[in-house]
Structure formats: structure tokens, C-alpha cells
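Peer 1: structure for this input, please:
(2 chains)
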Amino acid sequence: MSEATETRGERGLSPIEFEDLRRGKAQDPSYRGEHPEPRFFFTDEEANELGGKRMALNLGPQHPATHGTLRVMLELEGEKIASADTEIGYLHTGFEKSAEHMTYHQWITLTDRMNYMSAINNNVGYAIAVEELLGIEVPRRAQVLRVILCEISRIADHVLCLGLQGMDMGAFSLMLWAFERRERIYDIIEAVTGARLTTSYTRIGGLFRDVPQDFPEMVKTFRRDFPSFLDELEEMTIGNRIFEDRLRGTGRIGPEEAVSWGLTGPILRASGVAYDVRKTKPYSGYERYDFDVPVREEGDSWGRYLQRIAEVRQSLRIIEQALEDLPDGPVNIENKKIVLPEKGEVFDNIESLIHHFKLIMFGHGIAPARGGTVYSATEAPNGELGFYIVADGDMVPYKVRVRPPSLYNYAIFPKVVVGSMISDAVAVLSSLNVIAGELDR
Amino acid sequence: MPLLPDDILRRLTDRFGDRILPRKSPGSGQAFALVAREHVRPILAHLRDDPELAFDLLADVTIIDHLQLELPEMEGHRFAVIYILRSLRQNHAFEVRARVPEDDPIVPSVHDLWKSALWGEREAHDMYGVEFEGNPDMRRLLMPEDYPGFPLRKDYPLRGRGERDAFPQYRPPGVPTSPVNVTAGPEEARETAR
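Peer 2: Okay, the predicted model is just below:
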């Protein structure tokens, strides 16, 4: 016996098998060795026995369909979800704790990182909350620019959500188209704010700076080109058998249920409740624009998909009107106790230097009245984005609480997926558009 | 018909008398009702069920820790649980605060009135350590299950108490572990908090 064959034997083959291998018996189709007859994975009896048994499946925290780090624990009966539970907090960064150690202005940068798909909406929501606390109103031009940029940003958020809805169901091209369109939107945002994602564009009392000269032109071009993309999207998906079948009837949420669970935004409106903060409690002059609040009755993933497309169309209407409405003038309030003076003035003018110093140095700066609280809500792409701020007379907020729409939108998720298939859970999760950044903060 | 917060306050005081403390926030001027925790459930239930008030959406639940912000009306009570209410039918909004003492931080849960309280209360508990009695799911929401502290309390330092380094974690043999004081008391924490 040669050395090589001995080694083979040592690896665990029994002498008989070893013999068979050597003689090439294993290649003989009629040879079945010691194994029983080939059969299905389970016999009928075994499958019956397994019928009552359940399997646990972890979806995430790292999974392409979870859009961030979410963990969904599913209990499966075959492919059906018998029960579900979620675990969040993987992206918890302590923004609210940080707020208690940063000045009112500094914290604007952190609002970018919450819903990173539409950072400007967060910037504006926070700035409005602090302005309400201080009792100031920003100039018209700043308001209109805020509206235009919020709506552009809302479109970017919705478009990406629509694309990802396609990706989660295997229609990868939808995602690529949506991404390409979103990049063009970000070109506008980049020209205005200097950054694509982390914009930090608002200041308390106005904006970081005025928009560039060609801003109206850029928005007009975007306004002209964009509807064709929506038509394309509708053409590709509406009437597409696979796409509709996967979405229709999954993740259905009724209107009473939706209100009780605190859902807001497109998800609530897709369930038949016409609640939009822009209409019910207008801010930044939304009452001046003529737009509808689209509502759908389905309440399922398909309804939410169409709802977002309809809302994008309304955003385009608002942008068009706001652009015509855009007045000239300053983008910041006059009060230099709140807004930083121009840098040039700081170098030449002692008063501006003092204002600059006082706003920047710790112990001075913006200081709302002690004990003052405010809850201010704006309509972010995902729903009602609220900021609850408590002031203690210092330049640092005593407490900042964010009411992220995603948190309440996601709470209902385990309930709606029970009884559906695993693949439906992915589609429903996608249609809820949960952004982990604002979910965990 | 939308009602102003002042009107809602008046209606509440008509009905509940001195169980409601009407208050107004300095600065923003937002009116709210301050109530004792025993009365929070009947008052919130009334706010939801009265057809003219009809607060059908509980937008948020959060807590203010008054440790470093002492107000006369909060005397002897460290926490204020905030309920942000909204009526979609009547289109008005209101805020209710329940006072909670530090040594017995328990409030009755309102999850049976609004389902959104399930996660709202869960996060408030996670961050401030106030128990919501009756909420079926009081697990931690954002922090790890075995986390010892309540991070948004004012006596909890910004950088934590060393929990980040004291997690049980795998270390290759031979690598020394850094000694960390995780049992720092509230006094030391208070010093480093600000």
C-alpha cells in the first residue's frame, strides 16, 4: 500500500469505502454504497410532524433590505410569519444628549445626520422650533427659500424611497434610475449649501447664505425635466404584474389603526387620513401656495407607493409657485443678537466684532427665557417631525427631544407583517421608508 | 372647530377643577396643563373621548428631568412626563404634563388609549428610567438590554460612566484590560455632567 492511499484511509474512510474508491466503484451509477435510496428532503410523515414547528429567522441588523441597521426577528411557519419582533438602537448616537452640551447653533449640524435623505427638512424643522421659542420670524425670502429647498429635498427622499422599493423586490433598474435623478437634485442642493448630504443650511433667524445667482434657472430646469421621470416610473410599475402583485394587499393598515399608532406622513395619508402639517398648521408661508393633500384608501404597500408619487407631483406644484413668489431681500433677520454679522463687518466694525464675540463665546449667545418650552412640528418627507425644546436661560438648550416620524412609523411594523410571507416583510419595510438615522438618533 | 390651547385649558379646569394647573411657557407662550400623576389617565381619557376635544393622535411622549431646572410648580418632583396631543378631527393641539417624584418614578401607562404610547413610553423609560405602569413592553428600546444607566438623566455624564469599555467582550489571551470605574456614584457623575 502506497503512502498516499494510507493517508486517505486516515481521514476517516472505512476500509470498505476505501476499497470501493480505489476500484472506481463510486463512479458506477448502479453503486449506492451504504446509503439509503435517494429521496426528498423530508418524507411525508416527517413533513407532517414538522407542520407545527416553527423556525426563528433574524433579518438584519446587517441586511441589504433593512436600509440601515435594523434587526427584525421573525418566527416562521414554513414561509409564513407567525410572529415578529424588532430591535432598534444599533445607530443610536445620543444626539439628544449631545444637544444638552452644544449651543443652539452648533446642534444644527447634528440634525443633518438624522434623516440623511432629506437633511434640509431637519434643518428647517429645528430652526423653526428655536425661532418659535425666541418669538422671531424670518424674512420672506428666507421663508420661500426654505419652502423650495424643503420640497426639493422631499422629492429626493421620495424618489429614493420609490427606487429602493423596486430594489427590494428585485427591480434593480428602478433603483439606479432613482439614484441618478437624486444625484441631479443633489447638484442643486450642493450649489446652494456646499454639501450634498450634510447640508446644515439653516441658521436660527434665517439661512447660512443666499442662493447662487443661477438658482432659479437650476430649479426651473429641474422642474421641467422631472415629471418625465415620474411618468417613466409609473409606466414601468403600474400594470406590471409582478410589481403590483408583490405590493397589493401587503402590510395593510386601516385609518383608525394608523392614527392610534401615531403614524404620520405618506403612510397615514395612504391609509385614508388627510393629515398634513403643511395644511393643518402652516409654517414658512405654506398657506400661500395652492396644493392638494393626496389621499389613498388602500392602506397597503401599493397605496403607499402611489401616494409618494402623488406627493412628488404636489411638491413640484409648490416649487413652481414658490419660485414665482421668491422676493428679493435679506435672508437673515436684522437682530444681530441672534444672527452672526457679516465677516467683513466683523473686521471693520467694533459693534459687529462684539456681536460676533458674544454669539460665539460660551456663556453669551442666544439664550431663550428660562423654563421656556416649545413643541414645533413640520412636515418632513416621512411625516410629522417634531422638536420639543426646553430652555434654561443659557446658550445651551436644557433639553431637545426629537419626535422622529420613523420611530412611530416603524412601531407598527411587527404587527402588520404577521401572517404574510418573508418576502412581503421586506416589501412592507421598504414601503414604510424607515430611516435608521432618525429612528435611533 | 379648532380650539386654542387656552380654551382647552378652560374646558379642562371647568371639568376637573383644581386637579389641573394651567401653565404658560415663557418665550413661546404655549399653554399646557400640569397635573398630578394620579389624575393623568382620567384627564387624558377625557381629552380623547370628548367629541369637541377629540384628541385622537398622541404625537409624542417624553420627559423633562428638572434636576438642574428648578421651577416652583415642580417642587418635590424631579420628572415631568410630557404628552403631546393632536386632534386630527378638530385640528388643534395640546400638551399635558404629569409630575413624577424622583424616589417613586412610576406613571400609569396610556397605551390602551393610544397605541403610539407603546414605543413613546418605552423610549422615555429607556432614557429616563421612569416606569410606565401597565405598559406590556418595558424593554429598553435604544440602549442595550443590560445597560446600567439612564442616559438622558441630568446626572448622567455626557461621556457615560465607562460602560463603553466595560462591556463583556472577547479579548485575545495576553492582552491586558484597562481598569475602568463603572460604579461611579451620582455625586461624581454630577460633577462631570456639565
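Peer 1: give me the three-state assignment for residue A:392.
Peer 2: Following DSSP: H, G, I helix; E, B strand; the rest coil, we place residue A:392 in the coil state.
Peer 1: from the chain's centre, how far out is the host helix or strand of residue A:154? Work that out for me.
Peer 2: Assigned by DSSP states H and E, residue A:154 belongs to helix A:140-168. Computed by Cα atoms, centre = their mean, to the nearest Å, the chain-centroid distance of helix A:140-168 equals 11 Å.
Peer 1: counting contacts, what elements does that helix pack onto?
Peer 2: helix A:119-134, helix A:172-193, strand A:206-207, helix A:215-237, helix A:301-325, helix A:422-432 (3 or more Cβ pairs under 8 Å, 6 or more residues apart in numbering or on different chains; DSSP states H and E). (Glycine included, C-beta is placed from N, CA and C.)
Peer 1: and the angle for that helix with helix A:119-134?
Peer 2: Angle between the axes of helix A:140-168 and helix A:119-134 is 140 degrees (criterion: axes from the mean of the first three to the mean of the last three Cα atoms, to 10 degrees).
Peer 1: now helix A:140-168: buried residues?
Peer 2: Residues of helix A:140-168 classed as buried: A:140-168 (neighbour count, 16 or more other Cβ atoms under 10 Å in any protein chain shown).
Peer 1: what average pLDDT does it get?
Peer 2: On average, the pLDDT along helix A:140-168 is 91.
Peer 1: now do stretch B:44-58
Peer 2: For stretch B:44-58, the per-residue pLDDT averages 89.
Peer 1: kindly report the same for stretch A:84-95.
Peer 2: On average, stretch A:84-95 scores 88.
Peer 1: check whether it comes near chain B.
Peer 2: Yes - using Cβ under 8 Å from any Cβ of the partner chain, stretch A:84-95 comes into contact with chain B via A:88, A:89, A:92, A:94.
Peer 1: columns secondary structure and neighbour count on top of the residues you listed, output as TSV?
Peer 2: Shown next, in TSV, are the residues of stretch A:84-95 next to chain B (DSSP: H, G, I helix; E, B strand; the rest coil; neighbours: other Cβ atoms under 10 Å in any protein chain shown):
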residue	secondary structure	neighbour count
A:88	coil	24
A:89	coil	22
A:92	coil	18
A:94	coil	19
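Peer 1: residue nearest the middle of chain B, spatially speaking?
Peer 2: residue B:63 (2.4 Å; Cα atoms, centre = their mean).
Peer 1: and what about that one, helix, strand or coil?
Peer 2: Per three-state DSSP, residue B:63 ends up strand.
Peer 1: check contacts around it.
Peer 2: B:79, B:80, B:81, B:82, B:124, B:127, B:128, B:130, B:152 (Cβ atoms under 8 Å, 6 or more residues apart in numbering or on different chains).
Peer 1: thinking again about what came up before, format the helices and strands packed on helix A:140-168 as TSV; extra columns: mean pLDDT, mean neighbour count and distance to residue B:41.
Peer 2: What follows is the helices and strands packed on helix A:140-168, written out as TSV (pLDDT from 0 to 100; neighbours: other Cβ atoms under 10 Å in any protein chain shown; distance: least, Cβ to Cβ, whole Å):
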stretch	mean pLDDT	mean neighbour count	distance to residue B:41
helix A:119-134	91	26	29
helix A:172-193	90	17	46
strand A:206-207	89	26	44
helix A:215-237	90	15	47
helix A:301-325	91	21	34
helix A:422-432	88	22	30
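Peer 1: these: which one's closest to residue A:287?
Peer 2: helix A:301-325 (11.6 Å; Cβ to Cβ).
Peer 1: packing partners for the closest one?
Peer 2: By 3+ Cβ pairs under 8 Å, 6+ apart, helix A:301-325 packs against helix A:140-168, helix A:215-237, helix A:241-247, helix A:266-270, helix A:422-432.
Peer 1: export the last one as PDB, just CAs?
Peer 2: Output for helix A:422-432, consisting of C-alpha atoms alone and laid out as PDB, is shown next (Å, rounded to 0.1, in the frame of the first residue of the first chain):
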ATOM      1  CA  ILE A 422     -40.900  36.600   4.500                       C
ATOM      2  CA  SER A 423     -40.600  38.400   1.100                       C
ATOM      3  CA  ASP A 424     -43.600  40.600   1.900                       C
ATOM      4  CA  ALA A 425     -41.900  41.700   5.100                       C
ATOM      5  CA  VAL A 426     -39.100  43.100   3.000                       C
ATOM      6  CA  ALA A 427     -41.500  44.900   0.700                       C
ATOM      7  CA  VAL A 428     -43.500  46.300   3.600                       C
ATOM      8  CA  LEU A 429     -40.400  47.500   5.400                       C
ATOM      9  CA  SER A 430     -39.400  49.300   2.200                       C
ATOM     10  CA  SER A 431     -42.700  51.000   1.800                       C
ATOM     11  CA  LEU A 432     -42.600  52.300   5.400                       C
END
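Peer 1: contacts for the helix or strand just after that helix next, please.
Peer 2: Next along the chain after helix A:422-432, taking DSSP H and E as the criterion, comes helix A:436-440. For helix A:436-440, the external contacting residues (Cβ under 8 Å, 6+ apart) are A:66-70, A:88-93, A:113-116, A:122, A:382, A:402, A:404-407, A:410, B:142.
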